[in-house]
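**Q** Please find the sequence and the predicted model below.
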Amino acid sequence: QVQLVESGGGLVQAGGSLRLSCAASGSIFSINAMGWYRQAPGKQRELVAIITSGGSTNYSDSVKGRFTISRDNAKNTVYLQMNSLKPEDTAVYYCNGVIRRAYYYSSLDYWGQGTQVTVSS
C-alpha cells in the first residue's frame, strides 16, 4: 500500500508565501514524476507543477515565476514553494505521484488527501 501525505497549507495574505510538502510512504519500488494539482470551488482540478525523477520541471502559466517545485528522492518527498500568493491561488492542493510498488508492477497514479490553501486579499 502507498500513501501520500501533504502538509503545509493554511491561510495567508496576498503577497505572502507558503511551502507545501508531500511525503510518499509504504511499499515503494520507484517513483517517477511527482506533482501538485489544485482544485478551486466550482472548477476542475488543474496541474500546478510537476517534476520528474531526473529533476525536470514544468509549471502552469499561472504560477510560473512564483512557485517552485522540488523533490528529495531519498525521502520520497516533493515540495512546492509558493511565493507572491494571490487570492486566485486559493484552492485545495493535491499531491500526485506516479509510483511503482515492485519491479513487476506497472506504475500507477497515487493521490494525497489534499491540503487547503487560502489567500486573503
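**A** Alright, I've got the coordinates. Numbering: from 1, shown residues only.
**Q** which stretches of this protein form strands?
**A** Assigned by DSSP state E, the chain shows strands spanning 2-7, 10-13, 18-26, 30-39, 46-51, 57-59, 67-72, 77-82, 91-100, 108-111, 115-120.
**Q** Can you list the strands that the first one pairs with?
**A** Here strand 2-7 is paired, per DSSP bridges, with strand 18-26 (antiparallel).
**Q** how about the strand it pairs with: buried residues?
**A** 18, 20-24 (16 or more other CB atoms under 10 Å). (Glycine included, C-beta is placed from N, CA and C.)
**Q** number of nearby residues for the residue nearest to residue 22 when sequence neighbours are not counted?
**A** Once flanking residues are discounted, residue 22 sits nearest to residue 95: 3.3 Å by CB to CB, 6 or more residues apart in numbering. A count of nearby residues for residue 95, using other CB atoms under 10 Å, gives 27.
**Q** List the contacts of residue 95.
**A** 4, 6, 20, 22, 34-36, 78, 111-112 (CB atoms under 8 Å, 6 or more residues apart in numbering).
**Q** Now which of the residues you listed would you call buried?
**A** 4, 6, 20, 22, 34-36, 78, 112.
**Q** just those now: which is nearest residue 28?
**A** residue 4 (10.5 Å; CB to CB).
**Q** Backbone dihedrals for the residue lying closest to the closest one once chain neighbours are set aside, please?
**A** With CB to CB, 6+ apart as the criterion, residue 4 has its nearest non-adjacent residue at 3.9 Å, and that residue is residue 112. Note on residue 112: its backbone torsions stand at phi -80, psi 180 [degrees, to the nearest 10].
**Q** The closest residue in space to residue 63 that isn't next to it in sequence and residue 40: what is the separation?
**A** Excluding the flanking residues, the one nearest residue 63 by CB to CB, 6+ apart is residue 48, at 5.8 Å. For residue 48, the distance to residue 40 equals 11 Å [CB to CB, to the nearest Å].
**Q** more crowded one of those two?
**A** residue 48 (23 against 14).
**Q** Please consider this matter closed, and thank you.
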